[in-house]
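Asker: Structure for this input, please:
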Amino acid sequence: MLTTFQGQPALTLTAPDGARATVLLHGAHLVSWVPAGGQEQLYLSPTAQFGPGASVRGGVPLIFPQFNARGPLPRHGLVRTRPWQPVLDAVRGGVALATLRFEPTPETAAIWPMPFAAEFTLSVAGGTLEMELAVEHTGDANAAPFSFTAALHTYLRTSDALKLQLEGLQGVSFEDALKDPPGTISGQQWGDVLTLVGAIDRVYYGANAPLTLRELGRRLGIAMAGFEDVVVWNPGPDAVMADMPAGDWQHMLCVEAARIGEPVELYPGDEWVGRQDLTAG
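Answerer: The predicted structure is shown next:
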């Protein structure tokens, strides 16, 4: 259903069992997910900025075609601060789903002149949220291929970040972005339980196994396909952020499905699809 959120156009999805989600047309930015009979699972900063050109702090920002500042394009790419068009809003078989689409504008083409179309599809029912980012090369047969990186920058709500446990990364090599140059492998996750003691900013390369986030009274399953890497991020107590209260670092953890280490390369007519599924239990 077309509605508004913080004064911005949005779609609210409601499944017959009561599961619901809200996604802004601005950036196709998911800002809320509540499982059936459950509570809010995503963190959204109470001081987040909304409106044209704004990057909303929290929820699930879409990162494409560049992750962070790892390249010549604007940080985190071109699509998270621009309007998308809804192309599907329906309830089918007990599942509420929506698709939003983005195609290049003269403004984005001046920055990244590649022929593409992107679609973000999400569905909710029961305790599950499914998110899918699809990118198509829309050029003719003579067009050159292009490559990109991408991520679903998922902010998960926590009651106390210092007491949570993230499982499933054992044996995976990581880059510690707080102290290493981009692309530098500096460590390996030895134990199966990752806990926080402060700020963390790691890229886990080749993290294909399902993950589990645990805290008192809560279990959240995280599964991915098409995304080869996982980013785990929390700014910690010393960070100063204009769009996030100082103490809120304790109430969030980003566990991002990402494609960073090996960029996607698309040829004319090809399509890439990446998924992240969250299941509350």
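Asker: residues in contact with L216?
Answerer: Applying Cβ atoms under 8 Å, 6 or more residues apart in numbering, we find L216 in contact with S159, K163. (Glycine included, C-beta is placed from N, CA and C.)
Asker: and what of A239?
Answerer: A199, W249.
Asker: Would you mind pulling up the elements that the least confident helix or strand in the chain by mean pLDDT packs against?
Answerer: Least confident helix or strand, the chain: strand 187-188 with a mean of 93, by mean pLDDT, DSSP states H and E. If contacts are counted by 3 or more Cβ pairs under 8 Å, 6 or more residues apart in numbering; DSSP states H and E, strand 187-188 sits against strand 173-176.
Asker: and stretch 140-158, how far apart are its ends?
Answerer: For stretch 140-158, the first-to-last residue distance is 46 Å (Cα to Cα, to the nearest Å).
Asker: Correction: the previous question concerned stretch 186-205.
Answerer: First residue to last in stretch 186-205 (Cα to Cα) measures 11 Å.
Asker: again with stretch 30-40
Answerer: 12 Å.
Asker: Would you mark the buried spots in it?
Answerer: L30, V31, S32, W33, V34, P35, A36 (16 or more other Cβ atoms under 10 Å).
Asker: Please apply the same query to stretch 196-214.
Answerer: For stretch 196-214, using 16+ other Cβ under 10 Å, the buried residues are L196, I200, D201, R202, V203, Y204, Y205, A207, L211, T212, L213.
Asker: Which elements pack onto the helix or strand just after the least confident helix or strand of the chain?
Answerer: Sequence order places strand 193-194 as the next helix or strand after strand 187-188, per DSSP states H and E. If you count contacts as 3+ Cβ pairs under 8 Å, 6+ apart, strand 193-194 packs onto strand 165-167.
Asker: For the strand it packs on, enumerate the helices and strands it packs against.
Answerer: Looks like strand 165-167 contacts strand 193-194, strand 211-215 (3+ Cβ pairs under 8 Å, 6+ apart).
Asker: For A246, grab phi and psi.
Answerer: phi -60, psi -40 (degrees, to the nearest 10).
Asker: Report how many residues lie close to it.
Answerer: 12 (other Cβ atoms under 10 Å).
Asker: Distance-wise, check it relative to P235.
Answerer: 10 Å (Cβ to Cβ, to the nearest Å).
Asker: go on, R92?
Answerer: With Cβ to Cβ as the criterion, R92 and P235 are 39 Å apart.
Asker: More neighbours: these two, which one.
Answerer: Using other Cβ under 10 Å, the more surrounded residue of R92 and P235 is P235, with 18 against 10.
Asker: surely the more buried one meets M241?
Answerer: Yes - when contacts are counted by Cβ atoms under 8 Å, P235 is listed as touching M241 (6.5 Å).
Asker: For W233, the count of nearby residues, please.
Answerer: 19.
Asker: So what does it have for phi and psi?
Answerer: phi -140, psi 140.
Asker: thinking again about what came up before, of the helices and strands packed on strand 165-167, which is nearest R275?
Answerer: Each of the helices and strands packed on strand 165-167 has some distance to R275 by Cβ to Cβ; the shortest is strand 211-215, at 13.8 Å.
Asker: Show the subsequent helix or strand relative to the closest one.
Answerer: strand 218-225.
Asker: got a markdown table for the helices and strands packed on strand 165-167, with mean pLDDT and distance to L133 too?
Answerer: Output for these, formatted as a markdown table (pLDDT from 0 to 100; distance: least, Cβ to Cβ, whole Å):
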| stretch | mean pLDDT | distance to L133 |
| --- | --- | --- |
| strand 193-194 | 96 | 25 |
| strand 211-215 | 98 | 18 |
